[in-house]
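*Asks:* coordinates only, sequence not included:
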């Protein structure tokens, strides 16, 4: 009884804390100064159509590096906690219709994922979305094929290769351009506005991020759900 | 027009949030949480952020629901309790 | 707009109420996920400007005048990262729940009182 009164008081206190924020909030009518600098820089300097991609990969590249590190830590934690014991139960094979259909769909979903993260600078999308789509394709295979064993060495190799290469590309920016350009996409040619091979190293960096996120999330899902 | 859609979806989301916390059946609570993420993805599209909408639709109502259901499966295999 | 902001705060408060009062471990984690979604809606709704379009400059948006016709791109970039990290943290929490259940065979938080003094 006392506990309920305390909980209600805490919730009331929270509402009272948020109320001045809601009352005096004035919505802007035009872009602030930092945002207009990013939009103009993305059009003029970087030749990228998708401004959010330019912000994530170039202007806030160090935050993306930190996020990739946090994902790696979470995957390592899950892999450590849920070690696989040796199970020797062979469950019943699923029907042929299900297996054939899911294998066909697996290829299509991976193709969509690869399309989304290579065109990340032209259309809405990018590395994170494409990586999650690749994980969904593997999830489909895990759910329908009961005797599937995903080779964790290949996942390990893909993930470490993409992570290491991402940092190497960042260091190449420092080597080739100057001291202030870690993760600068101008190391490759900038190209025309709106073509696939434009915007410097941004498609390459985003593809690597997409592969890394996809393989890490697949490792998490396989540990938690696979037999 | 946009405001009306956001109000209607918001009311459904709040009802789903209450249900997700109060229901006794764990499977129904998990599916209500998935419905919240799905409607949030539509609201992100209304607020002119298509990248965030794509990510939330794939992660929130796909992978998060699946991770919860895998946890339930691993728990129920060991014991027949709730 | 103001409705999305109020919706975000309501989800935040319902999530915190759920985390404080429920006893089942999985319900607490569901409450955490609802708090996550609410905070993301708040952040994205701050960057919305009335009448402008998405920050992708393709054939539909005038290039020379792009600054006056797109929405703020910075909150979208922040929330994109935050959603993926939220998923990773939820997966880690759920694997802890599995290990705790294997030890004590109970999903209620009243049975895990070893750290209380």
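*Replies:* Perfect, I can see it now. Computed from a predicted model, the values in this text were never measured in an experiment.
*Asks:* Low-confidence ranges, chain A, go.
*Replies:* The model of chain A has pLDDT under 70 over residues A:84-90, A:178-199, A:227.
*Asks:* same question, chain C
*Replies:* Counting by pLDDT under 70, chain C contains low-confidence ranges at C:59-60.
*Asks:* Can you give me every residue that contacts the residue in it positioned nearest to chain A?
*Replies:* In chain C, no residue comes nearer to chain A than residue C:88, which is 3.6 Å away by C-beta to the nearest C-beta. C-beta: built from backbone N, CA, C; applies to glycine. Contact partners of residue C:88, counting by C-beta atoms under 8 Å, 6 or more residues apart in numbering or on different chains, are A:70-71, A:74-75, A:220.
*Asks:* Doesn't it lie inside a helix?
*Replies:* Yes - assessed with DSSP: H, G, I helix; E, B strand; the rest coil, residue C:88 lies in a helix.
*Asks:* Give the helix, strand or coil label for the residue of chain C most remote from its centre.
*Replies:* The centre of chain C is farthest from one residue, residue C:64, which by C-alpha atoms, centre = their mean lies 35.7 Å away. For residue C:64, the secondary-structure state derived from three-state DSSP is coil.
*Asks:* Which entries within the contacts of residue C:88 meet the buried criterion?
*Replies:* Listed as buried from the contacts of residue C:88 are A:71, A:74-75, A:220; burial here means 16 or more other C-beta atoms under 10 Å in any protein chain shown.
*Asks:* Give me the subset of those residues lying in helices.
*Replies:* Among those, the residues falling in helices (DSSP state H) are A:71, A:74-75, A:220.
*Asks:* Any residues of chain A in contact with chain B? List them.
*Replies:* Residues of chain A lying near chain B by C-beta under 8 Å from any C-beta of the partner chain: A:50, A:52, A:124-126, A:128-129, A:132-133, A:135-136, A:139, A:217, A:220-221, A:224-225.
*Asks:* Of these, which ones also sit close to chain C?
*Replies:* Within the residues of chain A next to chain B, those near chain C by C-beta under 8 Å from any C-beta are A:50, A:52, A:124, A:128, A:217, A:220, A:224.
*Asks:* residues in contact with the fifth one?
*Replies:* Residues in contact with residue A:217, defined by C-beta under 8 Å, 6+ apart, are A:131-132, A:135, B:63, C:87.
*Asks:* let's see 6 Å
*Replies:* By C-beta atoms under 6 Å, 6 or more residues apart in numbering or on different chains, residue A:217 lies in contact with residue A:135.
*Asks:* again, but for the second one
*Replies:* With contact set as C-beta under 6 Å, 6+ apart, residue A:52 has these partners: B:51, C:55, C:73, C:76-77.
*Asks:* Name the residues of the helix or strand of chain B with the lowest mean pLDDT that are buried.
*Replies:* Lowest by mean pLDDT, DSSP states H and E among the helices and strands of chain B is helix B:64-78, with a mean of 87. Applying a neighbour-count criterion of 16+ other C-beta under 10 Å, the buried positions in helix B:64-78 are B:64-71, B:74-75.
*Asks:* Just send the residues you listed back as JSON lines, with distance to chain A too.
*Replies:* Formatted as JSON lines, the buried residues of helix B:64-78 follow (distance: C-beta to the nearest C-beta, whole Å):
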{"residue": "B:64", "distance to chain A": "11"}
{"residue": "B:65", "distance to chain A": "11"}
{"residue": "B:66", "distance to chain A": "6"}
{"residue": "B:67", "distance to chain A": "6"}
{"residue": "B:68", "distance to chain A": "10"}
{"residue": "B:69", "distance to chain A": "9"}
{"residue": "B:70", "distance to chain A": "4"}
{"residue": "B:71", "distance to chain A": "7"}
{"residue": "B:74", "distance to chain A": "7"}
{"residue": "B:75", "distance to chain A": "12"}
